[in-house]
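Trainee: attaching a predicted model along with its sequence, questions to come.
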6 protein chains.
Amino acid sequence: MIYITRRERFNAAHRLFKPEYSDEQNLQVFGKCSNPNWHGHNYTLFVTVKGEINPDTGFLVNLKDLSALIERYIIEKLDHKNINLEVDFMAGKLASTENLAIGIWDELAEPISSIGAILHSIKIYETENNFVEYLGK
Amino acid sequence: MIYITRRERFNAAHRLFKPEYSDEQNLQVFGKCSNPNWHGHNYTLFVTVKGEINPDTGFLVNLKDLSALIERYIIEKLDHKNINLEVDFMAGKLASTENLAIGIWDELAEPISSIGAILHSIKIYETENNFVEYLGK
Amino acid sequence: MIYITRRERFNAAHRLFKPEYSDEQNLQVFGKCSNPNWHGHNYTLFVTVKGEINPDTGFLVNLKDLSALIERYIIEKLDHKNINLEVDFMAGKLASTENLAIGIWDELAEPISSIGAILHSIKIYETENNFVEYLGK
Amino acid sequence: MIYITRRERFNAAHRLFKPEYSDEQNLQVFGKCSNPNWHGHNYTLFVTVKGEINPDTGFLVNLKDLSALIERYIIEKLDHKNINLEVDFMAGKLASTENLAIGIWDELAEPISSIGAILHSIKIYETENNFVEYLGK
Amino acid sequence: MIYITRRERFNAAHRLFKPEYSDEQNLQVFGKCSNPNWHGHNYTLFVTVKGEINPDTGFLVNLKDLSALIERYIIEKLDHKNINLEVDFMAGKLASTENLAIGIWDELAEPISSIGAILHSIKIYETENNFVEYLGK
Amino acid sequence: MIYITRRERFNAAHRLFKPEYSDEQNLQVFGKCSNPNWHGHNYTLFVTVKGEINPDTGFLVNLKDLSALIERYIIEKLDHKNINLEVDFMAGKLASTENLAIGIWDELAEPISSIGAILHSIKIYETENNFVEYLGK
């Protein structure tokens, strides 16, 4: 069993708020992250997969395939987008980094198994000081 | 003459577009940066000042003063804000990193001179691959 | 179960030595880290907590609360301090990064449980080339 | 049980290819990594060991010993070398990062046990976007 | 006048040597960089251009154009290549970072002027500890 | 004319204070940096030299020579030392990063000219947020 990680990046807008709260209530719970005019981040995503090495290639998985799959299922949907308004797998959810990590896991687990690896971890840096990791259920 | 640099960070939303253009025209010129629903960045700001060392302190300028001044004039206005909609010194301007650098220079030059230093450079990283530097007129 | 990590930093002086050793013996065991006049580091601390997402906020824990707690229990005690002489939870211990990680764990485990999360890991970078991680007993 | 990690670096040339394939076949499977004239990387290696703290030193292991051992068994063999042609423990293997991680594990596990620690993880960054981790069998 | 910088990366093999020297002489002058079997690096390239802001776009230059031009004139020629054997603009030159910086300057100065900017600086990191900068004649 | 930069690192203790001030006065002017029990930093030093390329080597200067010279004149004196008490070229000076940059310049300018280059810049990072640069008189 070996682990390989691919880093990808996307820049997106978001807002943390509950629609049933007033702006004042949202400000109290979510602080400046609740700004109704949005703010944004350079998100850094680390996708770690695991499995056995293919003796024909020396690879666990061809990184071009893994990168293409992350590009198709995740980056195209998130990069230069508004996470609250435009990302199908985040619809109706609070746009926290925690929920984003779980949403990305749910999008990627199956496609990754189709290229012969097992999804091990989704890690997202929202800023250089904060990151979230999800290892599945 | 010695130079000292303070790094500060802010997270903001923006959009690159001209209001007189259609969405199609904006897309052609500004690419995915023209997304009408905004996107955002973790901006990193480097403010470099220059001057003589104060023999009483060994400092060109007390970094607490410089940091407080950047916080007050720049970070409070930009952090977790929408650059197009909410930042007074960017009103009516294209929200490019180039214009942001000049806008920040114009806000900071005078306050920095009030603490005994000369503003030398404003450098802004929009992503790890792109940065802009402005040295004044 | 999801994991969230907060990075904090502190700058401190320390010395590695045993009081019952001579300076020569200390030099032999601890090398230049035993310098009787102290040396210091920019320590980087990563605190990882785990738990379930709160459906009302989308957060595992509000990072403002986590950061405030690390500030109060750890950073105020360590930043710009002498680890050997001034830090209550390191009194009588060798000021190694290993002991520092365990000391920080012991200070933080209970306060973190009071905000609804479980402490998972304390990681400390002493330099860019060396770091220690402690996951509890 | 505590974990300590030492970072070391080496710069090497390599090529991904199977000698029984034609250049066209190698290009199809390994892409530009199969260039017959070689290419290279600044590899970054993280060696993590685990064990109990020695109460006489406060150390899990003296980092000078760990670093010297990595230097002797790994860096001297890999730094400024051609991984395909010059590294004994990679002879006859595909020069992938996965195989390199396992090869380094096999070289280091025994020497590390001789200094009183247990090898926990070999992590290698090939670029800032790709890294492999191996935790043993 | 404003400055904008684009970072690009390439991985290449090289060797420092003079063909008229023996291997012993090359080793004496160039150290382990003279290894006849090559070694390699992850090179990081920073291209800085300067000019006036275009009032129609807020840009000094569209970064997509600048990036495409660096890709076409530099990265395609250097990435996953052998600098001594395969790079036309380095033919017959010592493959030092200094000569590489000047070679890249000479390739890029004219294309950059064709997109309305002036080349200001070529900076190349060979490792995290060494970089070269060239500002033209 | 080309520029080459070498990065080196040292870990040191220091204190900012004036002996003729009381501890209260020092606290008011220098903040927590005046702690009488010292604190410390991982300092990062960038030494930039300039000159012409030697056509026999392709080098401005052999980096092994430059690094050895920085090691001998600077790192040996500063690493794991107390800047206020143990560094000859800082004796009697306020241990600010500004004064340290000038002190290092004065130590290095002559030795660097002896290896055929001209010292261009001394840049010191005290933390990731603060750095000082000195270009000589």
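Mentor: Looks like it came in fine. Residues are numbered from 1 along each chain as shown, chains lettered A, B, ... in the order given.

Trainee: the residue in chain A that chain F sits nearest to: what's it in contact with?
Mentor: Going by Cβ to the nearest Cβ, chain F is nearest to residue A:128 of chain A, at 8.9 Å. For every residue, glycine as well, the C-beta is placed using N, CA and C. Taking Cβ atoms under 8 Å, 6 or more residues apart in numbering or on different chains, we find residue A:128 in contact with B:9, B:42, C:7.

Trainee: please repeat the previous calculation with a cut-off of 7 Å.
Mentor: Residues in contact with residue A:128 (Cβ atoms under 7 Å, 6 or more residues apart in numbering or on different chains) are residue C:7.

Trainee: and if you look at the one 5 residues further on?
Mentor: Neighbouring residues of residue A:133 by Cβ under 7 Å, 6+ apart: A:121, A:123, C:3.

Trainee: what's the burial count for the second one?
Mentor: Read it as residue A:123. 20 (other Cβ atoms under 10 Å in any protein chain shown).

Trainee: how about residue A:113?
Mentor: 13.

Trainee: in what element of secondary structure is it found?
Mentor: helix A:97-114 (DSSP states H and E).

Trainee: when you scan that helix, is anything in it near chain B?
Mentor: No - judged by Cβ under 7 Å from any Cβ of the partner chain, helix A:97-114 makes no contact with chain B; its nearest approach is 12.4 Å.

Trainee: after that helix, next one along is what?
Mentor: Following helix A:97-114 in sequence, per DSSP H and E, is strand A:118-127.

Trainee: what's the angle between that following strand and helix A:97-114?
Mentor: 150 degrees (axes from the mean of the first three to the mean of the last three Cα atoms, to 10 degrees).

Trainee: any idea which helix or strand in chain A has the lowest mean pLDDT?
Mentor: helix A:23-30 (a mean of 95; mean pLDDT, DSSP states H and E).

Trainee: report whether that one contacts chain B.
Mentor: No - residues of helix A:23-30 contacting chain B under Cβ under 7 Å from any Cβ: none, with a closest distance of 10.2 Å.

Trainee: residue A:63 reaches residue A:6, doesn't it?
Mentor: Yes - applying Cβ atoms under 7 Å, one finds residue A:63 in contact with residue A:6, separated by 6.1 Å.

Trainee: now list whatever residues contact both of those two.
Mentor: By Cβ under 7 Å, 6+ apart, the residues touching both residue A:63 and residue A:6 are residue D:130.

Trainee: got the residues of chain A near chain D?
Mentor: Within reach of chain D by Cβ under 7 Å from any Cβ, chain A has these residues: A:2-7, A:53, A:57-60, A:63-64.

Trainee: export the residues you listed to JSON lines and tack on pLDDT and neighbour count?
Mentor: Formatted as JSON lines, these follow (pLDDT from 0 to 100; neighbours: other Cβ atoms under 10 Å in any protein chain shown):
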{"residue": "A:2", "pLDDT": "98", "neighbour count": "21"}
{"residue": "A:3", "pLDDT": "98", "neighbour count": "22"}
{"residue": "A:4", "pLDDT": "98", "neighbour count": "27"}
{"residue": "A:5", "pLDDT": "98", "neighbour count": "20"}
{"residue": "A:6", "pLDDT": "98", "neighbour count": "18"}
{"residue": "A:7", "pLDDT": "98", "neighbour count": "18"}
{"residue": "A:53", "pLDDT": "97", "neighbour count": "21"}
{"residue": "A:57", "pLDDT": "95", "neighbour count": "16"}
{"residue": "A:58", "pLDDT": "97", "neighbour count": "19"}
{"residue": "A:59", "pLDDT": "97", "neighbour count": "27"}
{"residue": "A:60", "pLDDT": "97", "neighbour count": "24"}
{"residue": "A:63", "pLDDT": "97", "neighbour count": "20"}
{"residue": "A:64", "pLDDT": "96", "neighbour count": "12"}
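
Trainee: list the contacts of residue A:45.
Mentor: Residues near residue A:45 by Cβ under 7 Å, 6+ apart: A:8, A:9, A:10, A:74, A:104, A:124.

Trainee: at 6 Å instead, please
Mentor: A:8, A:124 (Cβ atoms under 6 Å, 6 or more residues apart in numbering or on different chains).

Trainee: what's the answer for the one 5 residues further on, then?
Mentor: For residue A:50, the contact set (Cβ under 6 Å, 6+ apart) comprises A:1, A:3, A:118, A:120.

Trainee: any idea which of the residues you listed is closest to residue A:100?
Mentor: residue A:120 (17.6 Å; Cβ to Cβ).

Trainee: list the beta-bridge partners for the closest residue to residue A:135 other than its chain neighbours.
Mentor: Nearest residue to residue A:135, sequence neighbours excluded (Cβ to Cβ, 6 or more residues apart in numbering or on different chains): residue A:121, at 5.4 Å. When bridges are called by DSSP bridges, residue A:121 pairs up with residue A:48.

Trainee: next, count neighbours for residue A:121.
Mentor: 18.

Trainee: so what pLDDT did it get?
Mentor: On pLDDT, residue A:121 comes in at 98.

Trainee: gap between it and chain D?
Mentor: Plainly put, residue A:121 is 10 Å away from chain D if you go by Cβ to the nearest Cβ, to the nearest Å.

Trainee: which residues touch that residue?
Mentor: Counting by Cβ under 6 Å, 6+ apart, residue A:121 has contacts A:48, A:133, A:135.

Trainee: redo that, cut-off 8 Å
Mentor: Neighbours of residue A:121 in contact, by Cβ under 8 Å, 6+ apart: A:5, A:46, A:47, A:48, A:133, A:134, A:135.

Trainee: may I ask which two of these are separated the most?
Mentor: A:5 and A:134 (14.1 Å).

Trainee: centre of the chain to the helix or strand hosting residue A:66, how far?
Mentor: Secondary structure assignment for residue A:66, by DSSP H and E: helix A:63-70. Distance of helix A:63-70 from its chain centroid, counting by Cα atoms, centre = their mean, to the nearest Å, is 15 Å.

Trainee: picking up where we left off before, in strands only, show me the contacts of residue A:121.
Mentor: Those of those mapping onto strands are A:5, A:46, A:47, A:48, A:133, A:134, per DSSP state E.

Trainee: now do the last one, the pLDDT please.
Mentor: If you check residue A:134, the pLDDT there is 98.

Trainee: the fourth one now?
Mentor: The score at residue A:48 is 98. That number is its pLDDT.

Trainee: I'd assumed residue A:3 was in contact with it.
Mentor: Yes - counting by Cβ atoms under 8 Å, residue A:3 is a contact partner of residue A:48 at 5.5 Å.

Trainee: so which bits of chain A are right by chain C?
Mentor: Residues of chain A lying close to chain C by Cβ under 8 Å from any Cβ of the partner chain are A:16, A:18, A:29-31, A:93-99, A:101-102, A:128-135.

Trainee: let's see 7 Å
Mentor: So chain A meets chain C at A:29, A:31, A:94, A:96, A:98-99, A:101, A:128-134 (Cβ under 7 Å from any Cβ).

Trainee: nearest to residue C:87, of those?
Mentor: Of those, the one sitting nearest to residue C:87 (Cβ to Cβ) turns out to be residue A:129, at 22.8 Å.

Trainee: how many neighbours does the closest one have?
Mentor: With other Cβ under 10 Å as criterion, residue A:129 counts 15.

Trainee: which residues does it contact?
Mentor: Neighbours of residue A:129 in contact, by Cβ under 7 Å, 6+ apart: C:6, C:7.

Trainee: which one of the contacts of residue A:50 is nearest residue D:68?
Mentor: Closest to residue D:68, out of all of those and judged by Cβ to Cβ, is residue A:3, at 27.5 Å.

Trainee: picking that back up, what subset of the contacts of residue A:121 is buried?
Mentor: A:5, A:46, A:47, A:48, A:133, A:134, A:135 (16 or more other Cβ atoms under 10 Å in any protein chain shown).

Trainee: the fifth one and chain E: what is the separation?
Mentor: As for residue A:133, its distance to chain E is 26 Å (criterion: Cβ to the nearest Cβ).

Trainee: tell me the bridge partners for that residue.
Mentor: According to DSSP bridges, beta-bridge pairing links residue A:133 with residue A:123, residue C:3.
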